[in-house]
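**Student:** Fold the following.
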Amino acid sequence: MKIGIYTPYLDTFGGGERYMLTIAECFSDTHDVEILFDKHLWEKNPKSLIDKLSKTLNLNLSKTKCILAPFGKGSNILNRLFFLRSFNVLFYLTDGSIFLSSAKQNILHFQVPFKNTVGKGLWGEKKLNSWDKVIYNSEFTKKIVEETWPIKGQVIYPPVDLQEFKPLFKKNIILSVGRFFDFLHSKKQEVLVEAFSKMVKNGLTGWTLQLTGGTNKGGLDYLERIKKKARNLPVEFYPDVSFEKLKVLYGHASIYWHGAGFGETDPTKMEHFGISTVEAMAAGCVPIVINLGGQREIVTNKQSGFLWNTLEELEVYTSELIQDKSLRLKMSKKAIERSKIFSKERFCQEIFELISSKKV
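**Tutor:** Below is the predicted model of the structure:
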């Protein structure tokens, strides 16, 4: 089969790119897989982007092809329809928009709970009706999307390459992983530093908070602001680390914090799933994560980790784990076991079943 993969976000290196490019990897051994680039992305050197993504996301995309496709601003609808006719399956990660597709089977993926502003009216309905199936990264995303979109779909949880993450000698480290920026989908590292600072003032000693994640021009000021807040505290920063270094950070950490969505009411600003939480669990970290978005689908509260609603709860749960090493060990084992349901193997199998099933 000829399979097309299109995401307008290939230059952002996030969870959506991991999701879509893992689909490409899943099929590339036995099918003709083409990663489709609009003009904007094509101008950024597609081979370089894919090479970087392959390395950062630990994916083998050597058997895929990079193709300039008639998508994006200024593209012609007739050219696009003619181009897509040759594809047996098209996977599209929506940025909130949709287009009329002529591939034999069209699968729309929602990574973010966008409200429906484009699938209305006769033309909007016609475009939407050309999509055969819809998949979501979490029940959280599914629920929000289906409140405003006239569609029904299924959840296929994102893939995590669990074999890459192993517990190492555990140290007195609290880890948080996420891109550094304070707009849109902020990971709220500043809030986590404030919580850690309070714990230190209340007597916590011998523990370190480590923050790691990607940076871009828009987030550098935010990173510097966090560093100022963390001055004179046992807080360490690891921006833009390699995948190998990231595995080591996970391996040595005992506790994992996640706070995306804290203080927010807009669903798009919450964690829609939370791959880093699964990675941490696979490495034996006990997750203490916010009780919002997709995080509650990953962590079984008070079994494989803790879900917190307030900063006071975050501090209480963390103190409980710090003071009780046997509880920490028990929950670490539960976290590892829980992480196994989010494996890459499970993901590929569900995607294979998706394209062979009847319309969702």
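
**Student:** going forward, measure contacts between C-alpha atoms and count neighbours the same way
**Tutor:** OK.

**Student:** mind giving me the domain split of the chain?
**Tutor:** When the chain is parsed with automatic domain parsing, its domains come out as 2-159+343-356, 162-342.

**Student:** got the residue ranges for the strands in the stretch 201-350 of the chain?
**Tutor:** Listed in chain order, the strands of the stretch 201-350 of the chain (DSSP state E, counting those that start in this stretch) span 208-213, 235-239, 255-258, 286-290, 306-308.

**Student:** so of the ones you listed, which one's packed in deepest?
**Tutor:** Mean neighbour count (mean count of other Cα atoms under 10 Å) peaks for strand 286-290 among these, with a mean of 29.

**Student:** who's in contact with that strand?
**Tutor:** 254-262, 277, 280-281, 295-296, 299, 304-309, 314, 317-318, 328, 331-332, 335 (Cα atoms under 8 Å, 6 or more residues apart in numbering).

**Student:** how near is Lys344 to Ile67?
**Tutor:** Counting by Cα to Cα, to the nearest Å, the separation of Lys344 from Ile67 is 25 Å.

**Student:** Which one's more surrounded, these two?
**Tutor:** Lys344 (21 against 14; other Cα atoms under 10 Å).

**Student:** Next, find the distance separating the closest residue to that one other than its chain neighbours from Phe114.
**Tutor:** Spatial nearest neighbour of Lys344, chain neighbours left out: Pro159 (4.4 Å); criterion: Cα to Cα, 6 or more residues apart in numbering. Counting by Cα to Cα, the separation of Pro159 from Phe114 is 22 Å.

**Student:** ok, how many other residues are close to the nearest residue to Met270 once chain neighbours are set aside?
**Tutor:** Nearest non-adjacent residue to Met270, counting by Cα to Cα, 6+ apart: Gly261, 4.0 Å away. By the criterion of other Cα under 10 Å, Gly261 has 23 neighbours.

**Student:** swap in Glu224?
**Tutor:** 12.

**Student:** which residues does Lys133 form a beta bridge with?
**Tutor:** Ile107 (DSSP bridges).

**Student:** For it, the count of nearby residues, please.
**Tutor:** For Lys133, using other Cα under 10 Å, the count is 22.

**Student:** What is the helix or strand containing Glu34 packed up against?
**Tutor:** Using DSSP states H and E, Glu34 falls within strand 32-37. Applying 3 or more Cα pairs under 8 Å, 6 or more residues apart in numbering; DSSP states H and E, one finds that strand 32-37 contacts strand 2-6, helix 15-28, strand 65-68.

**Student:** out of those, nearest to Asp240?
**Tutor:** Nearest of the helices and strands packed on strand 32-37 to Asp240, taken as Cα to Cα: helix 15-28 at 15.6 Å.

**Student:** distance between that closest one and the chain's centre?
**Tutor:** 12 Å (Cα atoms, centre = their mean, to the nearest Å).

**Student:** Below-threshold pLDDT in the stretch 51-200 of the chain: ranges please.
**Tutor:** Low-confidence segments of the stretch 51-200 of the chain, defined by pLDDT under 70: 183-185.

**Student:** What segments of it are strands?
**Tutor:** 65-68, 89-93, 105-110, 133-136, 154-155, 173-177.

**Student:** Can you say which of those strands is packed in most?
**Tutor:** strand 173-177 (a mean of 25).

**Student:** which residues touch the residue nearest to Lys126 when sequence neighbours are not counted?
**Tutor:** Computed as Cα to Cα, 6+ apart, the closest residue to Lys126 that is not its neighbour in sequence is Leu100, at 7.3 Å. When contacts are counted by Cα under 8 Å, 6+ apart, Leu100 touches Leu81, Lys126, Lys127, Leu128, Ser130.

**Student:** Next one: the last one from Leu81, what distance?
**Tutor:** Between Ser130 and Leu81 the computed distance is 11 Å (Cα to Cα).

**Student:** Common neighbours of the two, please.
**Tutor:** Leu100, Ser101, Ser102.

**Student:** Can you tell me how far the second one is from Ala282?
**Tutor:** Read it as Ser101. 39 Å.

**Student:** Lys143 now?
**Tutor:** Counting by Cα to Cα - Lys143 and Ala282 are separated by 27 Å.

**Student:** and those two? which has more neighbours close in?
**Tutor:** Ala282 (31 against 13).

**Student:** give the contact list for the spatially closest residue to that one that is not a sequence neighbour.
**Tutor:** Sequence neighbours aside, Ile336 is the residue nearest to Ala282 in space, at 4.6 Å (criterion: Cα to Cα, 6+ apart). Contacts were defined as Cα under 8 Å, 6+ apart; by that measure Ile336 touches Met281, Ala282, Ala283, Gly284.

**Student:** Just the ones of those residues in helices?
**Tutor:** Met281, Ala282 (DSSP state H).

**Student:** If we only consider the contacts of Ile336, which is nearest to Leu21?
**Tutor:** Nearest member of those to Leu21, counting by Cα to Cα, is Ala282, at 21.2 Å.

**Student:** Correct me if wrong: Lys133 contacts Ile107.
**Tutor:** Yes: if you go by Cα atoms under 8 Å, Lys133 and Ile107 touch, sitting 4.8 Å apart.

**Student:** Between the helices and strands packed on strand 32-37, which one is closest to Val155.
**Tutor:** Counting by Cα to Cα, Val155 lies closest to helix 15-28 out of the helices and strands packed on strand 32-37; the figure is 12.6 Å.

**Student:** what's in contact with that closest one?
**Tutor:** 5-7, 9-10, 33-35, 57, 59-61, 63-64, 91, 93, 111, 158-159, 275, 348, 351.
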